[in-house]
Structures are given as structure tokens and as C-alpha cells.
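>>> kindly generate the corresponding structure for this input.
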Amino acid sequence: MNAFYNKKKFYSIIFNLLLKTFPIKEKNKICRIIWQRTADHSFKKYKGPINAAIHGYPVEISNGYTYPVTSRSYKTFNNPLLELANLTAEIKKTPICIVDIGSAVGDTALFLIANADKQIDKIYCIDGDSEFFNYLIHNVKNIKKINPLKALLSDGDRQKEAALIRIHLGTASAQGELLEDAITLDGLLLDSNARVSQIDLIKVDVDGFDGKVLAGSTKILMKFKPTIIFEWHPVLYNNTKNDIHRPFQILQENGYSKFVWFDKYGNFSHFDNTHSREDTERMAQVCMNGRHEFDWHYDVIAIHKETELPLVKLAEMQYAKNKRSMF
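A predicted model of the protein is given here:
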């Protein structure tokens, strides 16, 4: 037992030292090599839990969990979500209820609380991966606004879906050989004991299952007309045998007519009010080919036709660009 805690403490020190020295690694080639080799050696030798901080909150995560490095690498990372939360609260004129699907260890919820606490009433954090969920419960246990729920979501209740497997330390995808019980978001939040009375914003990041999750949320979409942000990642849609058009189809069928696209770093890309299948397939080909940039994908914001949210202001992201906490 002591050996485990000593190892955890040692690799926690290494991980946090890597984060602290992150800015100097780009100064020259030697710094980059030393930093990267130290990181690679540490993550290879130990894959257990460590103590760190995310957006000022003490957390426990697995050694090498990607969010702390990603958020330091890209200043615009998650900006579209933050701007959407701020503008949704602005038009609602009241603190909002957010559903964070694919919440992993709680980093996105902590990001929102750190940067938009006054705009938020409650965040429901949903994840189906047992390891992530255990970290999630630990990391948000003292934050009353965050409510963790363990569930594997799909487009039908009482059906089986592929088990979540780790495709890297920062994410889990439904590509396993075993099957697990799944539930719809409607079933989880409306038809169960949760009985959620208001949903204003839904964030979906489930590695290719986004269309299925939205298809299981139609009661919520019709009843609350929440603003939506989902990941559009054609490679993962292909790997999980899901349709790249399905998220748009489901949303359009439920009254969503305005789409705003952002690249994987959080930079504005373009507006889309028509969802051309031909253009979408071209964009998917760029992502699938991997020649434009490795792991290229998008985050897409969808707005209901009855929601008057300022799209240009959303694209400009002035609130998010001035966020208090980057990581």
C-alpha cells in the first residue's frame, strides 16, 4: 500500500512539473526533446492515478490524461462551448442548466464553473466509462452545481451498444467487443427519477455516437429547445459505424435550422443554414484523408429556429477569448 502511494506521489510530482515547465519546451529543440522524453517515460512507466489541478480545482486523474496539456497547447480550446453558455444565459436572462454528455473526469464542467459560474445553475455530467466516472465523482464532490450521472447513451432504451474502450488516455469510444446496456437521454433525464425540469444547453462529445445520442433526445429537443454543441468527427463516426449526417438530420427534424462550425482548436470556421449533404461529405473526406491535418474534426453549434441567439457574436467569441481560466 505504501509503495502504491509513494509511486502515486512521485508521478504526481513529475506530471505537475511537466505542466509547470510546459511554456519553456517550445524555446528550443533541446528543451522540447527533454520535456517530451520525460513525459513519454513517465506515462509509459505508470498509468495509475495522480493528483493535479484543473482550472484551479484539485483533481485526481490518470497519469498522462490529455486535457491539462491540450488546454495549455491551444488557447482557444473549448471557447465555443464557453461562449455558447454565456450567450444562452444572456438570452434566457437567468442561470442555465447544462447537460455535459461525455464528461470524462469532469474537466469540461470545471472549465465552465471556473469561467462562467454566475451564468450556471446546474450541470448534469454524464459518462458511461467506469474509470472516468470514478474520477468524476471524486473531482466534483464538493461542487453543488455539478450532478454526476453514470450512463451509456444511445437512440433507444434497453438496447445494447458496444462497450466503451480507451482509444487514448483522454477519451473512451464505443468500439469494444462486449455489449453494455444503453439508455436514451430522454429516458435518463425525463422518464427516470431525475425528472429534470429545465435544460438550456447540451454538450455532446461521445466519439462518433453524437448522432445516436441526439436521436435519443428528441423529447428534450422538442420540449426545451436547448442550444446544442456536438463533436463532428468523421473518423470516429466511421470507426463506430455511425452516419455523419445523422446529427444534422435529427436536429433539423426537431426545428434546428442554424449551425455554426468551429475547428477542433475552437476557432470559428463558417455558418451553415442548409446542411448540404454534398458539402458535408467533402468536409468529411478532408477529415478522413488526414492530409490537411492529423485528427481533423469540428465542433458544431446548433440553434433552434425559435431561438434568437446572436450568431455573429457567437462566432466572435469575445467573452470566451477573455476567459479567466485557460487550464
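>>> can you pull the contacts of the nearest residue to residue 268 once chain neighbours are set aside?
Residue nearest to residue 268 in three dimensions, not counting chain neighbours: residue 315, with 4.4 Å by CB to CB, 6 or more residues apart in numbering. All C-beta atoms are positioned from the backbone trio N, CA, C, and that covers glycine. Listed by CB atoms under 8 Å, 6 or more residues apart in numbering, the contact partners of residue 315 are 260, 268, 271.
>>> for residue 315, pull up the helix or strand it's in.
In the assignment (DSSP states H and E), residue 315 maps to helix 311-316.
>>> now that helix, how far from the chain's geometric center?
Centroid separation for helix 311-316 versus its chain: 20 Å, with CA atoms, centre = their mean, to the nearest Å.
>>> can you give me the helices for the stretch 201-327 of the chain?
210-215, 218-224, 234-239, 246-253, 277-289, 311-316, 318-321 (DSSP state H, counting those that start in this stretch).
>>> now for those helices, which one comes closest to residue 101?
When the helices of the stretch 201-327 of the chain are compared for distance to residue 101 using CB to CB, the nearest one is helix 210-215, at 5.9 Å.
>>> report all helices and strands that the closest one contacts.
Contact partners of helix 210-215 among helices and strands, from 3 or more CB pairs under 8 Å, 6 or more residues apart in numbering; DSSP states H and E: strand 201-204, strand 227-232, helix 246-253.
>>> distance from that helix to the middle of the chain?
Per CA atoms, centre = their mean, the displacement of helix 210-215 from the mean C-alpha position of its chain is 14 Å.
>>> can I get stretch 106-126 as PDB, trimmed to CA atoms?
C-alpha atoms of stretch 106-126 as PDB (Å, rounded to 0.1, in the frame of the first residue of the first chain):
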ATOM      1  CA  GLY A 106     -15.200  16.500 -15.200                       C
ATOM      2  CA  ASP A 107     -12.700  18.800 -16.900                       C
ATOM      3  CA  THR A 108     -15.300  20.500 -19.100                       C
ATOM      4  CA  ALA A 109     -17.600  21.100 -16.100                       C
ATOM      5  CA  LEU A 110     -14.800  22.600 -14.100                       C
ATOM      6  CA  PHE A 111     -13.900  24.800 -17.100                       C
ATOM      7  CA  LEU A 112     -17.400  26.100 -17.200                       C
ATOM      8  CA  ILE A 113     -17.700  26.700 -13.500                       C
ATOM      9  CA  ALA A 114     -14.300  28.500 -13.400                       C
ATOM     10  CA  ASN A 115     -15.200  30.800 -16.300                       C
ATOM     11  CA  ALA A 116     -19.000  31.200 -16.100                       C
ATOM     12  CA  ASP A 117     -20.100  30.300 -12.600                       C
ATOM     13  CA  LYS A 118     -22.700  33.100 -12.300                       C
ATOM     14  CA  GLN A 119     -24.300  32.000 -15.600                       C
ATOM     15  CA  ILE A 120     -24.800  28.400 -14.500                       C
ATOM     16  CA  ASP A 121     -27.500  26.900 -12.200                       C
ATOM     17  CA  LYS A 122     -26.600  23.200 -12.600                       C
ATOM     18  CA  ILE A 123     -24.500  20.900 -14.700                       C
ATOM     19  CA  TYR A 124     -25.500  17.300 -15.300                       C
ATOM     20  CA  CYS A 125     -22.300  15.400 -16.100                       C
ATOM     21  CA  ILE A 126     -22.900  12.100 -17.900                       C
END
